[in-house]
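Okay, predicted coordinates and the sequence, questions at the end:
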Amino acid sequence: MNIFIDLNKKLILLLFVGVTCVKLSAQIVNDSTVNTYGRKTTKFIKESDVYYGGKTYSRPDTSIYNFHNYDFTHLNNQYLQNLGHIGTPSKTTFFSSPQRIGFRNGYTLFDAYVRDGNNHRYIDSRSPYTDAYYVQGIGGDTRLFAEFSRNISRFVNAGVSYQRLISQKQIDQRQQRDRQVDSEYFMMYFSAKTPNDRYQILANFYLLRHNAKENGGEYLPSGTEKTANSWINSISMPAMLQRVRSFELRDNFKLYQQYDIFGRKEVVLFHSFHWENHQNALRVGSFGVLSTSTANPSSPYRTPLGMSEIRFISPKLKDSTYLEHTSGYENRENVIGLKSHAAEYFISGYFKQRYIRYNQFPQSTQYMNDTSSAQLSEWLWGAELIKPILDSNFILKAKIENLIVNFPDLARTKNKNLGTLYKNNFDYLIDASIESKWGFVKYKQSLVSPSFFFTQLSHNSTRWENFSLKPTFSQELIAFLSWKSKYLELSLNADIQNINNYIYLGTDIMPTQEKNSIFIASATPFIRFNLNKVIIESSVRKTHLIEGKDVIRFPEWLFYPKIYFQSWLFNRATYVQIGFEGIGRTNYKADAYSPALQQFFLQDKVNLSEYWVVNFFANLKIKNIRLFFKLSHLNQGYQNNFGYYTTPNYPGMRFTFQFGFNWLLFD
């Protein structure tokens, strides 16, 4: 009976979405009024565009292709593993080499939800520009983004933006608005240049306050399995933990400026300054953080899904009555260099200096003296070349960055072994590619020191020192080819990776280094058929472990088929896309998540079964307004497929209805 009612609800919502789309479109007539300002009078540029000397500005995005995929997992090509829904801790499913060499703090769980200051867009608009974006899910999930920008003069622009993420609990929901994640992000930015473009400056500052409740996943008594009814009503299923929160606080300031010395772009002096303050914290209430239905005085922390030999919260619990931890990371970075792009080529060279402070603070009075700290200075150099070759049919790009020397402040670094470790590491990064209109071939090689998290950790639940860890060496060869005609589009992305000295958290939730090589290969073909107004497209990713130990876990196959109808309607007043999409994966032993360490770790007990998620979507564009309506997980309940896990013990999103809009205002 529950299945029948659930399917009826889906059919009613599907009919509602279809009727709503028709009504919205039917009320629109083709207005011949010409607006003075619009998308063509508004453009933006990024720091990288200024750095490489290009004057090609981009326009605001008004496409409705994939507009319904507001989830950050979708925005990252479905390659993120999270705890079931938006705003929760996440990691890349496949191996990705760090883009930064040198000292790193090791906390990256919420990177996906930060608008990177290095990649920020600076607006140049002849009129005040407003970008309003809003998404609402029927289950209470909300995403809000608003941006306002205007030109103070022809050559000066300033703007502000704000983002809010809210997601409701997937399990153990005790009231109507019981939030799992509440995140706020605020940015202000400024750009200016002289009339002759000889001097240009870009600057932005952002604040991130990310608050997430750590529930430890759902609690299943030993020997029990989820039934169809418990899948549908899992919103009230008890969780492993109560009164546990993680906090992510980030302050970030970025400035870039350049000066054309002779006014001919032959010699350009550039400088950038980057300051970032990153605090990560875990807060736990009084003793007994489990929900009342799972509390056991003799065992304060249960293990998920039968992992009896693994301490769920921590492998070494030092103070079970008070589990709190705070880490602080501050980085001040200056880059100064010269570049030239007067001819067809681009060449640059620079020096980079960083001053870094890092601290870990266990909050228990019993272990307050275990505080770890490090202060050091890093000096790096880098160079870059971009040059057309073979009659300008191909473009050669090459970049190298190398850590010259590390100066630990031993007087302020508590553990002298830590200073010695980083002093002896000489990281480097090499990135070279050949590009053409048909695709590209890229080679990447890096040597990256272990993060501070893996090297030394000290808080109430765990303490370790691993000064014998070696830098991780990685090589990657990427090839991409594409071909397109009026009715058919084909592309292929192939990737081969070689990783040495890979560092990860093992099944005992302790840092482990795999000294032998790991070879991974993947191929992602894509095909799109354009049958006039009906589009059929599909992407498949095949990833295979060629050689080495199975310590990087991923699904062997990923599938993304889609079919949709697109067309102009009502005298070209409304453009629509209506269709279905599927997201499928094969089974694999996904990494588990440790709330106390705020990290993912290797596990061998739980095999996430293969599963498909089918979504219905309707995207519309009416002048400067884009809208979408979406039914997610439409197939829940079909052929006894009631749900899936994104991470062991964390169920994925259930069937839900979502809608959203984006409205661009140019005056």
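Nice, thanks for sending it over.

quick one: residue 562 from residue 284, how far?
Distance, residue 562 to residue 284, by Cβ to Cβ, to the nearest Å: 43 Å. Bear in mind the C-beta positions are built from the backbone N, C-alpha and C, glycine included.

go on, residue 517?
Taking Cβ to Cβ, one finds residue 517 at 40 Å from residue 284.

the more surrounded of those two?
residue 284 (24 against 16; other Cβ atoms under 10 Å).

what bridges to the more buried one?
Beta-bridge partners recorded for residue 284 (DSSP bridges): residue 244.

Is it in contact with residue 242, as I believe?
No. Distance between residue 284 and residue 242: 9.5 Å, which falls outside the contact criterion (Cβ atoms under 8 Å).

So what's the residue count around residue 538?
Neighbour number of residue 538 under other Cβ under 10 Å is 15.

can I assume it is in contact with residue 527?
Yes. If you go by Cβ under 8 Å, residue 538 and residue 527 touch, sitting 5.7 Å apart.

what about residue 655, distance to residue 250?
According to Cβ to Cβ, residue 655 and residue 250 sit 34 Å apart.

any chance you could map the helices in the stretch 101-250 of the chain?
Using DSSP state H, counting those that start in this stretch, the helices of the stretch 101-250 of the chain run over 228-232.

what ranges of it fall below the confidence cut-off?
The model of the stretch 101-250 of the chain has pLDDT under 70 over residues 222-225, 228-233.

Which residues are in contact with the nearest residue to residue 125 once chain neighbours are set aside?
Computed as Cβ to Cβ, 6 or more residues apart in numbering, the closest residue to residue 125 that is not its neighbour in sequence is residue 42, at 4.4 Å. Residues in contact with residue 42 (Cβ atoms under 8 Å, 6 or more residues apart in numbering) are 59, 60, 123, 124, 125, 126, 127, 129, 666.

Can you tell me the SS state at residue 454?
helix (DSSP: H, G, I helix; E, B strand; the rest coil).

That one and residue 511 touch, don't they?
Yes. With contact defined as Cβ under 8 Å, residue 454 counts as touching residue 511 (4.5 Å).

Overlap of the contact sets of these two?
Joint contacts of residue 454 and residue 511 (Cβ under 8 Å, 6+ apart) are 466, 469, 503.

How is the last one classified with respect to secondary structure?
Under the three-state scheme (three-state DSSP), residue 503 adopts strand.

Could you measure from it over to residue 518?
From residue 503 across to residue 518, the span is 12 Å (Cβ to Cβ).

go on, the first one?
When distances are taken as Cβ to Cβ, residue 466 and residue 518 turn out to be 19 Å apart.

between those two, who's got more neighbours?
Neighbour totals were compared for residue 466 and residue 518, and residue 518 leads with 21 against 16 (other Cβ under 10 Å).

Spatially nearest residue to the residue positioned nearest the centre of the chain, not counting backbone neighbours?
Taking Cα atoms, centre = their mean as the criterion, residue 112 is the residue nearest the geometric centre of the chain, at 2.3 Å. In this structure, residue 112 finds its nearest non-sequential neighbour in residue 72, 4.8 Å apart by Cβ to Cβ, 6+ apart.

Can you give me the neighbour number for that neighbour?
17.

That one against residue 88, yeah?
No. Counting by Cβ under 8 Å, residue 72 does not reach residue 88; the two are 10.0 Å apart.

On the strand side of things, show who residue 136 bridges to.
Bridge pairing for residue 136 - DSSP bridges - gives residue 142, residue 659.

Do a quick rundown of the strands in the stretch 51-200 of the chain.
80-81, 91-92, 121-125, 129-137, 142-153, 156-168, 179-193, 199-213 (DSSP state E, counting those that start in this stretch).

what's in contact with the fourth one?
Outside strand 129-137, the residues within contact range by Cβ under 8 Å, 6+ apart are 42, 60, 70, 123, 141-150, 159, 161, 656-666.

angle of it against strand 142-153?
On the basis of axes from the mean of the first three to the mean of the last three Cα atoms, to 10 degrees, strand 129-137 is oriented at 180 degrees to strand 142-153.

buried set for strand 129-137?
If you call a residue buried by 16 or more other Cβ atoms under 10 Å, then strand 129-137 has these buried ones: 129, 130, 131, 133, 134, 135, 136, 137.

Those residues into JSON lines, with extra columns for distance to residue 80?
Listed next are the buried residues of strand 129-137 as JSON lines, based on distance: Cβ to Cβ, whole Å:
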{"residue": "129", "distance to residue 80": "30"}
{"residue": "130", "distance to residue 80": "30"}
{"residue": "131", "distance to residue 80": "24"}
{"residue": "133", "distance to residue 80": "20"}
{"residue": "134", "distance to residue 80": "22"}
{"residue": "135", "distance to residue 80": "17"}
{"residue": "136", "distance to residue 80": "22"}
{"residue": "137", "distance to residue 80": "18"}
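
farthest pair in those?
129 and 137 (27.9 Å; Cβ to Cβ).

Is residue 433 located within a strand, as I assumed?
Yes. Membership of residue 433 in a strand is supported by three-state DSSP.

what's the burial count for it?
17.

Is it correct that it is in contact with residue 477?
No. In this structure, residue 433 is not within contact of residue 477 by Cβ under 8 Å, at 10.5 Å.

what touches both of the two?
441, 442, 443.

Just the buried ones from those?
Buried, going by 16+ other Cβ under 10 Å: 441, 442, out of the shared contacts of residue 433 and residue 477.

can you tell me which residues contact residue 146?
Residue 146 neighbours (Cβ under 8 Å, 6+ apart): 130, 131, 132, 133, 161, 162.

Residue 340 now?
Counting by Cβ under 8 Å, 6+ apart, residue 340 has contacts 265, 266, 267, 268, 346, 347, 348.

With residue 551 instead?
Each residue near residue 551 by Cβ under 8 Å, 6+ apart is listed here: 502, 504, 506, 512, 514, 518, 602.

Which two among those residues are spaced furthest apart?
506 and 518 (14.6 Å).

Quick check: of the contacts of residue 340, which lies closest to residue 549?
For the contacts of residue 340, the nearest to residue 549 is residue 348 (39.9 Å; Cβ to Cβ).

Touching, the closest one and residue 337? I think so.
Yes. Between residue 348 and residue 337 a contact is recorded at 5.9 Å, counting by Cβ under 8 Å.

what touches both of those two?
With Cβ under 8 Å, 6+ apart, residue 348 and residue 337 have common neighbours residue 270.

What separation is there between residue 221 and residue 435?
57 Å.

which one of these two has more residues nearby?
Taking other Cβ under 10 Å, residue 221 and residue 435 do not tie; residue 435 has more neighbours (15 against 9).

doesn't residue 392 make contact with the more buried one?
No. Look at residue 435 against residue 392 with Cβ under 8 Å: they stay out of range, at 11.7 Å.
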